[in-house]
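*Asks:* below is the sequence, then the predicted model.
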Amino acid sequence: MSATPVVLPPLVEPAAELSREEVARYSRHLIIPNVGMTGQKRLKNARVLFIGAGGLGSPALLYLAAAGVGTIGIVEFDEVDMSNLQRQVIHGRSDVGRPKAVSAKESILEINEHVDVRLHEFRLDNSNAVELFSEYDLILDGTDNFATRYLVNDAAVIAGKPYVWGSIYRFEGQVSVFWEDAPDGAGLNYRDLYPEAPPPGMVPSCAEGGVLGVLPATVGSIMATEAVKLITGIGEPLLGRLMIYDALAMTFRTIRLQRDPTRVPVTALIDYDAFCGVVSEEASAAAVGSTITAPELEAMIGEGRSIELVDVREPVEWDIMHLPGAVLIPKDRILSGEALATLPQNKQIVLYCKTGIRSAEALAFLKNAGFSDAVHVQGGAIAWANQVDASLPVY
């Protein structure tokens, strides 16, 4: 037997009226029976907060603005980088170096000047999340790290707010709706899907693993669709379901989610960096006293020191750029033990990756394997490009 569809009441009360210009603007909504004048007034009265103005935020923010959401808040403290333009279509070439929040606001107002865009140009943390969420009806989370995802979840639980969650990686996307206080006992939160964060380094970020540029368009627009459904009370939201999109196979499938009976209720915010961990405890311990800077590596090479410079990134990253004299041994080959026999015993092993996270994990393994004088490069290849050789491309 199929599960009973989840039907939720509209999240927002309708606004008093629509102007003549608004009726003309939203006419294609108004003639849909499920939306109509009342649904459009709910959208006008809605206050939606989006965490991040990046890949997922780009389509979602533009479509929510076009749909007539009256108030849109944006949490974003980053600046537009050239590498963002491959997928973050809310920004343009002239925005590189400018605050993402400001660039996003300008694009939104170009779509719909009636939207009240509120910028929150700070890092979301324990001191501000719950209070900020209380100002909005609905939260959308498009962040790409586990620490922020758990923070958003727990703050939404405490604030009593529903939120739409989206995630992208390479060719795959996921979307769901979480709302601990949903009526009729239908409530779920992110911890029912992921009770604990995966081990550090197990799930690469988009910066490490990449993402197909058009993928956020599909996933972000689905997030916006879920937001419209929740605000207006139409259709069956993804509450209690996880939607998985595979762009290579061009398939969509949904998995039913259930409340974890062993889950401890969320009553307070915690230290999310410690909960998720950027690197494992073993890697942190190994890096103490065994970390060098990019200029220190340059000096070692210049002095003719007997070292084996090992790049632990993936082959596709090696093809983009690599340090002179390095050999490529991807991290997984080291952690499996497969590559140990290829490492020289009479040279000091110097490891590097893109930013220093993966090399720290490999360093811990090598030290346990007997390479006691091994070190890794703080900041990795990016630090080398920024501090030593500015001619190398960064990615």
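*Replies:* Looks like it arrived, so ask away.
*Asks:* which residues of the stretch 151-300 of the chain score low on pLDDT?
*Replies:* In the predicted model, the stretch 151-300 of the chain carries pLDDT under 70 at residues 200-205, 277-279.
*Asks:* ok so residue 191 is a helix residue?
*Replies:* Yes: the assignment for residue 191 (DSSP: H, G, I helix; E, B strand; the rest coil) places it in a helix.
*Asks:* can you tell me the closest non-neighbouring residue to it?
*Replies:* The spatially closest residue to residue 191, leaving aside those adjacent along the chain, is residue 263, at 5.6 Å (CB to CB, 6 or more residues apart in numbering). (C-beta placed from N, C-alpha, C; glycine too.)
*Asks:* helix or strand for the one you found, which one?
*Replies:* Using DSSP states H and E, residue 263 sits within no helix or strand.
*Asks:* distance of it from residue 133?
*Replies:* Going from residue 263 to residue 133 by CB to CB, to the nearest Å gives 20 Å.
*Asks:* after the helix or strand encompassing residue 223, next one along is what?
*Replies:* Assigned by DSSP H and E, residue 223 falls within helix 215-232. Sequence-wise, the next helix or strand downstream of helix 215-232 (DSSP H and E) is strand 241-246.
*Asks:* the residue nearest to residue 191 is in contact with residue 190, isn't it?
*Replies:* No: using CB atoms under 8 Å, residue 263 is not in contact with residue 190, being 10.5 Å away.
*Asks:* who has more neighbours out of the two?
*Replies:* Between residue 263 and residue 190, counted using other CB atoms under 10 Å, the more crowded position is residue 190 (22 against 12).
*Asks:* correct me, but residue 41 touches residue 22?
*Replies:* No: at 9.4 Å, residue 41 and residue 22 do not qualify as touching, with contact defined as CB under 8 Å.
*Asks:* neighbour-wise, which of the two wins?
*Replies:* Between residue 41 and residue 22, counted using other CB under 10 Å, residue 41 has the larger neighbour count: 22 against 18.
*Asks:* can you give me the angle the host helix or strand of that one makes with helix 215-232?
*Replies:* Assigned by DSSP H and E, residue 41 belongs to helix 36-45. Interaxial angle of helix 36-45 relative to helix 215-232 (axes from the mean of the first three to the mean of the last three CA atoms, to 10 degrees): 110 degrees.
*Asks:* which neighbouring elements make contact with the helix or strand following helix 36-45?
*Replies:* Using DSSP H and E, the helix or strand that follows helix 36-45 in sequence is strand 47-51. The contact analysis (3 or more CB pairs under 8 Å, 6 or more residues apart in numbering; DSSP states H and E) places strand 47-51 against helix 57-67, strand 71-75, strand 138-141.
*Asks:* which one of the ones you listed has the most crowded surroundings?
*Replies:* strand 138-141 (a mean of 26; mean count of other CB atoms under 10 Å).
*Asks:* give the rounded mean pLDDT of that strand.
*Replies:* The average pLDDT within strand 138-141 is 98.
*Asks:* can you check stretch 117-133 too?
*Replies:* 97.
*Asks:* which residues does that stretch contact?
*Replies:* Outside stretch 117-133, the residues that touch it by CB atoms under 8 Å, 6 or more residues apart in numbering are 49, 51, 71-77, 99, 101-102, 104-105, 108-109, 139, 148, 151-152, 155-156, 158-159, 161, 269-270, 272.
*Asks:* pipe the helices and strands packed on strand 47-51 into TSV and attach distance to residue 375 per row.
*Replies:* TSV is the format used below for the helices and strands packed on strand 47-51 (distance: least, CB to CB, whole Å):
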stretch	distance to residue 375
helix 57-67	39
strand 71-75	38
strand 138-141	37
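*Asks:* for residue 176, which of the ones you listed is the nearest?
*Replies:* Within the helices and strands packed on strand 47-51, the stretch nearest residue 176 is strand 138-141; the backing value is 10.2 Å (CB to CB).
*Asks:* downstream of that closest one, the next helix or strand is which one?
*Replies:* Heading C-terminal from strand 138-141, the first helix or strand you meet, by DSSP H and E, is helix 146-159.
*Asks:* what's the following helix or strand after that next one?
*Replies:* Going down the chain from helix 146-159, the next helix or strand is strand 163-169, by DSSP H and E.
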